[in-house]
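S.K.: Take a look and give me a structure for this.
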Amino acid sequence: MSKHLQNEIDKLKQRILQLGALVEQSVYRAIQSLEERDIALAKSVIDGDSAIDDMEVDIEEDCQKILALHQPVAHDLRLIIAVLKINTDLERIGDATVNIAERTLFLSDRPRVDIPYDFPGMAKKALSMLHKSLDALVNLDVAAAQQVIAADDEVDAINRDIYVRTEECIRNHPEAAYSYIHLLGVSRYIERIADHASNIAEDIIYMVEGRIIRHHAGEMQTIPPPPKLN
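M.R.: Modelled structure (predicted):
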């Protein structure tokens, strides 16, 4: 590898980690806005999405330039491909945080309802997966990436439990049905954040070992249909 290519790849790694840190902060702030019904914080999450989008575009352009100018092969090529995919997953996590913040704004105008869900605990697991996947990227740690993939089952299980609890809440408090439906949406977006973290881990395994494990990382989970309003 030429020194110039190495420098470009080092810069690319740094930028994808900067995007990861920005996205992590957005997830944390979105959940905090929901817990505290903090309208200003929710709006700041929504407003901050443009910075995530801009960085995602810049990283994609950097990858394209490296591919065009240096024509990397073998491990370097896999790294660029992996970064392109990780970049997309991080941007989609950013979109999920916006959706959570938008639900905070909706709920802020409605009577507060009891939340029989452990959103902070669920979000903590998803954030841990995201953080560990980014650490695995820094250290090229396949074992840590595999741990992230395995942890996705825990978040899926919480999400399934929330479906059941939401159905019970709607039966017991039909007047608050739409609030519970929006809270159910929060659960789904946290679950999607965990899915994207798992995708990142899979891409790291591809980058290090050249193995594509997507669709073979675990058993497909069956998600029950959304609860009915009546």
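
S.K.: Give me the helices and strands touching the helix or strand of the chain with the lowest mean pLDDT, please.
M.R.: Ranking every helix and strand in the chain by mean pLDDT, DSSP states H and E puts helix 119-139 at the bottom, with a mean of 90. Helices and strands touching helix 119-139, by 3 or more Cβ pairs under 8 Å, 6 or more residues apart in numbering; DSSP states H and E, are helix 3-36, helix 142-172, helix 177-209. The way it works is simple: take the backbone N, C-alpha and C, and place the C-beta from them, glycine included.

S.K.: The first one to helix 119-139, inter-axis angle?
M.R.: Computed with axes from the mean of the first three to the mean of the last three Cα atoms, to 10 degrees, the direction of helix 3-36 lies at 170 degrees from that of helix 119-139.

S.K.: Give me the angle between the helix or strand that helix 3-36 is followed by and helix 3-36.
M.R.: Heading C-terminal from helix 3-36, the first helix or strand you meet, by DSSP states H and E, is helix 39-70. Angle of helix 39-70 versus helix 3-36, following the same axes, to 10 degrees, is 160 degrees.

S.K.: Next, the buried residues of the following helix or strand past helix 39-70.
M.R.: Using DSSP H and E, the helix or strand that directly follows helix 39-70 along the chain is helix 74-108. Buried positions in helix 74-108, judged by neighbour count with 16 or more other Cβ atoms under 10 Å: 76, 78-94, 96-104, 107.

S.K.: Ok, stretch 67-76 next?
M.R.: His70, Pro72, Asp76.

S.K.: who touches it?
M.R.: Stretch 67-76 is contacted from outside by Met1, Ser2, His4, Leu5, Glu8, Ile9, Ile66, Leu79, Ile80, Met207, using Cβ atoms under 8 Å, 6 or more residues apart in numbering.

S.K.: Which neighbouring residues are in contact with the nearest residue to Lys65 once chain neighbours are set aside, exactly?
M.R.: Leaving aside its sequence neighbours, Lys65 sits nearest to Glu8 (Cβ to Cβ, 6 or more residues apart in numbering; 7.9 Å). Taking Cβ under 8 Å, 6+ apart, we find Glu8 in contact with Asp62, Lys65, Ile66, His70.
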